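Colleague: pasting the sequence and the predicted coordinates here, then a few questions.
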Amino acid sequence: MATTAPPVASRAAAPAPKTTRRPGGPVNWVRRHVVQIVAGLVLLYMFLPIFVVVQFSFNRQIGKDNYTWHGFSLKPWTSVCSSGLCGPLGLSFKIGILATILSTILGTLVAFSLSRYRFAGRSSANLLIFLPMATPEVVMGSSLLTLFVNLTFIPQGFWTITIAHVMFCLSFVVVTVKARIAGLDSRLEEAAMDLYADERTTFLKITFPLVLPGIVAAALLAFSLSFDDYIVTAFNAGQAQTFPLWVYGENLRGLPAQANVVGSAMFFLALLFVVAGRFAGRRRVTT
Amino acid sequence: MSGGAALSAALESEPHGPQSAPKHGRLRSRRTPYLLLAPGMLWLVIFFVVPMIFLVSTSLQTGSQTDGYQLTFHFATYSDALNFYKGEFARSFVYAGIATLFALAIGYPLAYAIAFRSGKWKNALLILVIAPFFTSFLIRTFAWKTLLADDSVIVSFLNTTHINTLLTAVGLTTGNRVLATPLATITGLTYNFLPFMTLPLYASLERVDPRLIEAAGDLYCAPFTAFRKVTFPLSLPGVVAGTLLTFIPAAGDFINQSLLGRAGEAMIGNSIDSTFLDQQDYPTAAALSVTLMATIVLLVSIYVRRSGTEELV
């Protein structure tokens, strides 16, 4: 897939002639829709593994490996915990929720400070926010490890993982909330002030509700980053085992189909969330 | 990190961005911005900046796990580590480079189609772009094992069309296999970091004024020339952001290599991981980590300067 796509793709990056109506025929249709066809193929490439993940969550698994299809079975879906993944999954949820709450609060405060004030050191603060996003995860993970082996009073495990997750989620929260604040119509706040609302009321009744969707988006992003992280966690987990660490460990032995069940369920749940969020957002705009 | 990361990267390149001046500081107290900033910044200083200092310090120490380490400014660790792991470094940058080019080649048409050709389906398509990344990074990568297995449709296709012979000649695959070859690793890297490419590209293409392209057409510009002279140059900030956001995580990644590649062809991420956690040779591992970071900072600053978009940050 990846090997055949690039040459086609680079050729197709040219815009197909768009306004002029050409004579029909399949060849001309293809000519006019090259970009769309290539885009469709790329989307197919992106979804191929998802099809596999979902399909193999219904595999009647024989032996340890889950690469080959042995027929349809609902057993993996009805016996999720039997493979021992529920403990790690629970830990990932706990860490994810805690890291999300902390990074969302800290990040939102930083975002308000950076987008609403001019002050000495603002550009250094921006740089410090940007740096973790431009640092490979191995470097972040290993540098934290060198810190934690020296701070022996924090045992490696739940807290070191949470600290690490808050650290790398923070920047993404700041960036997401900042984008939302920057997109605000400042006339709404001015209108509130003109109507004799004081700063506090304006913030609570106008600014905060308008920024809230951005904060929610940031929190969801932070949760997904934390929940899915393998590399940084691997360096700071001690004996603790999060869901990604469990998957990686099992993979060496043969990943049970139950992992695919969790993968598929996550996919459909997140899709549901996003689609529901879209609809809720649309309704709010129209009313 | 997953697609959400790329999403916010795209958000960051919104027109209003960080540069937009805070117009109305209403809570005028001098200390307010610092008070808001302090907890988050403190967290980043203690758990990002300080660990970097520890990392550099560890790389210059000598000693052993049992006897403890002393800071001896033993720079030879660097030359030894570089000498020993130069293959891994080269492989990381080559794989990440190829994956970035692949991602650009397939991400551009996708971003272009969403920005200019999607009509009312735009939002739905944007969701589709990040949807695959709703599920676990590891499980997704694991699925490529099935897709690239020796008897899979993709591999038989590559073999019957003899494309694989060509790929073997270039050194990307071996024999008639794809799994456990450089190509498998590169496919995984391209796949996993594609949204980091597509979303910034989309963000900058979306901002291109379609009237400029029409104007080019009115002035008798052929569609492809219009693309080459108008659309593409205007999308360059997206290209720069996308290539960086793909290249940096790809160069440090070791999951794709360890799940899809061959054990003997490690990338530098694999080496850092195993030197730290299996061999527990902290100074060498730290030296590798510092070198990786320094190389990336160097490459990024050269690249950003040459492409002339310094307002990225």
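Modeller: Now that the structure is in, tell me what you want to look at.

Colleague: can you pull out the helices in the stretch 151-287 of chain A?
Modeller: For the stretch 151-287 of chain A, the helices defined by DSSP state H, counting those that start in this stretch cover A:158-182, A:186-194, A:199-202, A:208-228, A:231-236, A:243-253, A:257-286.

Colleague: could I get the ones you listed in TSV, plus columns for distance to residue B:38, mean neighbour count and mean pLDDT?
Modeller: Glycine gets a C-beta too; all of them are placed from N, C-alpha and C. As requested, these are exported to TSV (distance: least, CB to CB, whole Å; neighbours: other CB atoms under 10 Å in any protein chain shown; pLDDT from 0 to 100):
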stretch	distance to residue B:38	mean neighbour count	mean pLDDT
helix A:158-182	13	25	95
helix A:186-194	25	13	88
helix A:199-202	21	14	88
helix A:208-228	19	21	92
helix A:231-236	24	24	96
helix A:243-253	32	19	89
helix A:257-286	32	16	82
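
Colleague: contacting residues around residue B:239?
Modeller: Residues in contact with residue B:239 (CB atoms under 8 Å, 6 or more residues apart in numbering or on different chains) are B:104, B:108, B:201, B:204, B:307.

Colleague: show me what the helix or strand containing the fourth one is packed up against.
Modeller: The reference is to residue B:204. Using DSSP states H and E, residue B:204 maps to helix B:182-206. Helix B:182-206 sits against helix A:34-56, helix B:3-12, helix B:86-116, helix B:122-130, helix B:137-147, helix B:236-252, helix B:255-260, with contacts defined as 3 or more CB pairs under 8 Å, 6 or more residues apart in numbering or on different chains; DSSP states H and E.

Colleague: got a markdown table for the helices of the stretch 151-287 of chain A, with distance to chain B too?
Modeller: What follows is the helices of the stretch 151-287 of chain A, written out as a markdown table (distance: least, CB to the nearest CB, whole Å):
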| stretch | distance to chain B |
| --- | --- |
| helix A:158-182 | 3 |
| helix A:186-194 | 6 |
| helix A:199-202 | 5 |
| helix A:208-228 | 4 |
| helix A:231-236 | 7 |
| helix A:243-253 | 5 |
| helix A:257-286 | 3 |
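
Colleague: now the residue of chain A found nearest chain B. Nearest residue, chain neighbours left out?
Modeller: Relative to chain B, the nearest point of chain A is residue A:136 (2.5 Å; CB to the nearest CB). Excluding its sequence neighbours, the residue lying closest to residue A:136 (CB to CB, 6 or more residues apart in numbering or on different chains) is residue B:252, at 2.5 Å.

Colleague: read off the pLDDT value for the one you found.
Modeller: If you check residue B:252, the pLDDT there is 95.

Colleague: and it, what does it touch?
Modeller: Counted by CB under 8 Å, 6+ apart, residue B:252 has contacts A:136, A:137, A:138, A:139, A:231, B:92, B:268, B:269, B:292, B:296.

Colleague: among the residues you listed, which pair sits farthest apart?
Modeller: Pairwise distances across the contacts of residue B:252 (CB to CB) peak at 15.1 Å, for the pair A:231 and B:296.

Colleague: determine the set of other helices and strands touching the particular helix or strand that has residue B:36 in it.
Modeller: Element membership of residue B:36, judged by DSSP H and E, is helix B:32-44. In terms of contacts (3+ CB pairs under 8 Å, 6+ apart), helix B:32-44 is packed against helix A:86-116, helix A:122-130, helix A:158-182.

Colleague: for residue B:260, find the nearest of those helices.
Modeller: With CB to CB as the measure, helix A:86-116 is the member of the helices and strands packed on helix B:32-44 nearest residue B:260 (22.8 Å).

Colleague: got the angle for that closest one vs helix A:257-286?
Modeller: Counting by axes from the mean of the first three to the mean of the last three CA atoms, to 10 degrees, helix A:86-116 points 30 degrees away from the direction of helix A:257-286.

Colleague: tell me what helix A:86-116 is packed against?
Modeller: For helix A:86-116, the packing partners by 3+ CB pairs under 8 Å, 6+ apart come out as helix A:122-130, helix A:158-182, helix A:208-228, helix A:243-253, helix B:32-44.

Colleague: can you lay out these as CSV showing distance to residue A:81?
Modeller: Below are the helices and strands packed on helix A:86-116 laid out as CSV (distance: least, CB to CB, whole Å):
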stretch, distance to residue A:81
helix A:122-130, 40
helix A:158-182, 21
helix A:208-228, 18
helix A:243-253, 12
helix B:32-44, 35
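
Colleague: before we move on, the earlier item: drop anything exposed from the contacts of residue B:239.
Modeller: By neighbour count, with 16 or more other CB atoms under 10 Å in any protein chain shown, those hold B:104, B:108, B:201, B:204 as buried.

Colleague: closest to chain A among those?
Modeller: Nearest to chain A among these: residue B:108, at 5.0 Å, using CB to the nearest CB.

Colleague: was I right about that closest one contacting residue B:201?
Modeller: Yes. If you go by CB atoms under 8 Å, residue B:108 and residue B:201 touch, sitting 5.9 Å apart.

Colleague: nearest spatial neighbour of residue A:131, chain-adjacent residues omitted?
Modeller: In this structure, residue A:131 finds its nearest non-sequential neighbour in residue B:48, 7.0 Å apart by CB to CB, 6+ apart.

Colleague: what's the local residue count around residue B:86?
Modeller: Using other CB atoms under 10 Å in any protein chain shown, residue B:86 has 11 neighbouring residues.

Colleague: quick check: it vs chain A, distance?
Modeller: According to CB to the nearest CB, to the nearest Å, residue B:86 stands 17 Å off from chain A.

Colleague: kindly report the same for residue B:80.
Modeller: Applying CB to the nearest CB, the value for residue B:80 to chain A is 18 Å.

Colleague: Three-state assignment for that residue, please.
Modeller: Following DSSP: H, G, I helix; E, B strand; the rest coil, the label given to residue B:80 is helix.

Colleague: quick check, pLDDT for it.
Modeller: At residue B:80, pLDDT is 93.

Colleague: that one against residue B:281, yeah?
Modeller: No. Shown here, residue B:80 and residue B:281 do not form a contact pair, counting by CB under 8 Å, at 10.6 Å.

Colleague: between those two, which one's more packed in?
Modeller: Ranked by neighbour count (other CB under 10 Å), residue B:80 and residue B:281 place residue B:281 first, with 17 against 14.

Colleague: ramachandran angles for the more buried one?
Modeller: Backbone torsions of residue B:281, given as degrees, to the nearest 10, read phi -90, psi 80.

Colleague: would you mind measuring from it to residue B:161?
Modeller: According to CB to CB, to the nearest Å, residue B:281 and residue B:161 sit 46 Å apart.

Colleague: contact partners for residue B:174?
Modeller: Residue B:174 makes contact with B:168, B:181 under the criterion CB under 8 Å, 6+ apart.

Colleague: and it, how far from chain A?
Modeller: Counting by CB to the nearest CB, the separation of residue B:174 from chain A is 14 Å.

Colleague: hmm, back to that, between the contacts of residue B:252, which has the least confident prediction?
Modeller: At the low end of pLDDT for these is residue B:296, which has 91.

Colleague: now do the contacts for it.
Modeller: A:134, A:136, B:248, B:251, B:252 are the contacts of residue B:296 under CB under 8 Å, 6+ apart.

Colleague: residue B:214: which element?
Modeller: Element membership for residue B:214 (DSSP H and E) is helix B:210-218.

Colleague: so what does that helix touch, helix or strand wise?
Modeller: For helix B:210-218, the packing partners by 3+ CB pairs under 8 Å, 6+ apart come out as helix B:223-226.

Colleague: from the chain's centre, how far out does the helix it packs on sit?
Modeller: Relative to the centre of its chain, helix B:223-226 is centred 30 Å away, using CA atoms, centre = their mean, to the nearest Å.

Colleague: stretch A:265-274 now?
Modeller: 12 Å.

Colleague: related to what we said a few turns ago, could you identify the most distant pair in the contacts of residue B:239?
Modeller: Across the contacts of residue B:239 (CB to CB), the longest gap, 15.7 Å, separates B:108 and B:307.

Colleague: pretty sure residue A:87 is touching residue A:242, no?
Modeller: No. If you go by CB under 8 Å, residue A:87 and residue A:242 don't touch, sitting 10.0 Å apart.
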